[in-house]
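Model the following, please.
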Amino acid sequence: MSAGCRCSWIEQISYTSHINIYSNSRRQSYIYSAVPPTSVAVTSVQDLYEFICSGPLLDKVGLTRENIGETIDKWLTCGSQLCRLFQLNEFKLNDAQKVRIFHYYIPVFLWCENQISQHASSFKDGEDVPPLMIGFSAPQGCGKTTLVYALNFLFYESGRNCATISIDDFYLTAEGQAKLREANPGNRLLEFRGNAGSHDLSLSIETITALSKLNKEGMKMKIPRYDKSAYSGRGDRADPSTWTEVEGPLTAILFEGWMLGFKPAPDESVKAVDPQLETVNKNLQAYYDAWDKFVNAWIVIKIKDPSCVYQWRLQAEQGMRADGKSTMTDDEVGFINTLRPQEADAETNAKLKAKRHQPPATRLAPRQSANQRKRTPAGLKLVMIRGKI
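Coordinates of the predicted model:
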């Protein structure tokens, strides 16, 4: 997928109340494209079919040309729905738009549908089926929030309710962040929100547990949201009156975050990279029980060049500033580099590889009955090179 330059293929995103997944506190990010915005008319279904079949994710999501041919109407419907969501002319899409919709969003959506079907089949007739928790782990600014936004809309259009949450929703309050800084004087990795230790894990457990039980008609709850523009961009938890309300029964919970699935690295390796990272590494030990153990299926997006993250985050702050919100200055955005301090030492970094939690094959999905068969959480790994899948 293309990302990172100044040319946006979404001029404006219109929010509607039924899919307001990140209301008030979080601005929907723009999609930036490095592909020249040359309009390409969709001349025929056959042309589109061939384009879909050329996508790089088909093998990963288990699709064949035959599958696509049999479900082409569904592809066309989903494509039309996404064009409506992003206010695009479905008959005159440019290359970047076609790739993002037909090579990325729809294949991932179909993979998620398959995971939901398998999840439901593991329950006996008459048993309550909890929503499937799908975890999206990806670096900041690479488009995971917009991916979740698109998937949520497609589920809604097909008559299924989803809840969308982010690790950002569980940041400490401004007061909690101040106490964290005071407890760790001089540790630049805990000066701002972001690293392990800057989240309210009790709130996340409480929220995820409640969402997992939201499987009946009429059940409702509000999801915490975080206001990144508060306190000049340092952020604070949004007022509960602005939190997003979701209604059951939920089909899936879409949970995204840049460090979702991370696990602690060996102490000696961490100390060699940055002594200040030791505290963060120890804090990370509690995150499995708070987040990762709830995830039934994983989507992991990797990027080839981590240096893009700073520029993407800078664009997000500048976008909020354009909307009239308080933000960090361009210099303060440099805190993003403290989220990956291992890059300070390239030689040591080669030894300390980023580790993500790999769910064990024998683990039951959360809150399943003893009679339900065990199912290994599935995983879909995508690699983005200069923003392209």
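
In this protein, where is pLDDT below threshold?
In the predicted model, the chain carries pLDDT under 70 at residues 1-43, 305-321, 325-389.

any chance you could map the helices in it?
Under the criterion DSSP state H, the chain carries helices at the ranges 45-53, 58-61, 65-70, 72-85, 95-98, 106-121, 144-157, 174-183, 201-212, 267-273, 277-283, 287-290, 308-322, 346-351.

of all those, which lies closest to Gly235?
helix 174-183 (6.9 Å; C-beta to C-beta). Any C-beta I mention is one placed from the backbone N, CA and C, and that applies to glycine too.

buried set for that closest one?
Neighbour-count burial for helix 174-183, counted by 16 or more other C-beta atoms under 10 Å, picks out 174, 176-177, 180.

List of residues touching it?
Helix 174-183 is contacted from outside by 171-172, 190-193, 197-198, 200, 230-231, 234-237, using C-beta atoms under 8 Å, 6 or more residues apart in numbering.

Now rank these by neighbours and give me the top one.
Greatest neighbour count in the contacts of helix 174-183, by other C-beta atoms under 10 Å, goes to Gly235: 25 neighbours.

The closest residue to it other than its chain neighbours: neighbouring residues, count only.
Distances taken as C-beta to C-beta, 6 or more residues apart in numbering place Lys228 nearest to Gly235, at 4.8 Å, with adjacent residues excluded. Neighbours of Lys228 under the rule other C-beta under 10 Å: 23.

cool, Pro275 as well?
10.

And Ile68, by the same measure?
With other C-beta under 10 Å as criterion, Ile68 counts 20.

Then Glu217?
Other residues close to Glu217 by other C-beta under 10 Å number 7.

Asn94 pairs with what?
Ser39 (DSSP bridges).

neighbours around it, how many?
Residues near Asn94, counting by other C-beta under 10 Å, number 17.

Give me the distance between it and Ala150.
17 Å (C-beta to C-beta, to the nearest Å).

hang on, the earlier thing: and the helices of the chain as CSV, adding distance to Trp258?
Output for these, formatted as CSV (distance: least, C-beta to C-beta, whole Å):
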stretch, distance to Trp258
helix 45-53, 30
helix 58-61, 21
helix 65-70, 32
helix 72-85, 24
helix 95-98, 23
helix 106-121, 18
helix 144-157, 8
helix 174-183, 17
helix 201-212, 15
helix 267-273, 18
helix 277-283, 14
helix 287-290, 12
helix 308-322, 9
helix 346-351, 17
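
Out of those helices, which is closest to Phe255?
Nearest to Phe255 among those is helix 201-212; the distance by C-beta to C-beta comes to 7.7 Å.

on that earlier part again, would JSON lines of the buried residues of helix 174-183 with distance to Val270 be doable?
What follows is those, written out as JSON lines (distance: C-beta to C-beta, whole Å):
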{"residue": "Ala174", "distance to Val270": "28"}
{"residue": "Gly176", "distance to Val270": "24"}
{"residue": "Gln177", "distance to Val270": "23"}
{"residue": "Leu180", "distance to Val270": "19"}
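
Looking at those residues, which is nearest Gly324?
Nearest member of the buried residues of helix 174-183 to Gly324, counting by C-beta to C-beta, is Ala174, at 20.2 Å.

Tell me which two of the contacts of helix 174-183 sit farthest apart.
Gly197 and Ala230 (19.7 Å).

Among the contacts of helix 174-183, which lie within strands?
If you go by DSSP state E, those have 236-237 in strands.

how long is stretch 81-90 end to end?
Taking C-alpha to C-alpha, to the nearest Å, the first and last residues of stretch 81-90 lie 9 Å apart.

Next, work out how far apart Leu180 and Asp227 are.
In terms of C-beta to C-beta, Leu180 sits 18 Å off from Asp227.

Gln46 now?
Between Gln46 and Asp227 the distance is 48 Å, computed by C-beta to C-beta.

and the two? which has more neighbours close in?
Asp227 (19 against 9).

Correct me if wrong: that one contacts Arg237.
Yes: Asp227 lies in contact with Arg237 (C-beta atoms under 8 Å); the separation is 7.2 Å.

any residues in contact with both of these two?
Counting by C-beta under 8 Å, 6+ apart, nothing touches both Asp227 and Arg237.

re earlier: biggest separation within the buried residues of helix 174-183, which pair?
Across the buried residues of helix 174-183 (C-beta to C-beta), the longest gap, 10.7 Å, separates Ala174 and Leu180.

Nearest residue to Leu277 in space, ignoring adjacent ones along the chain?
Val270 (4.9 Å).

picking that back up, list phi and psi for the residue nearest to Gly235.
Note on Lys228: backbone dihedrals following degrees, to the nearest 10 are phi -70, psi -20.

if I look at it, how far off is Asn94?
With C-beta to C-beta as the criterion, Lys228 and Asn94 are 30 Å apart.
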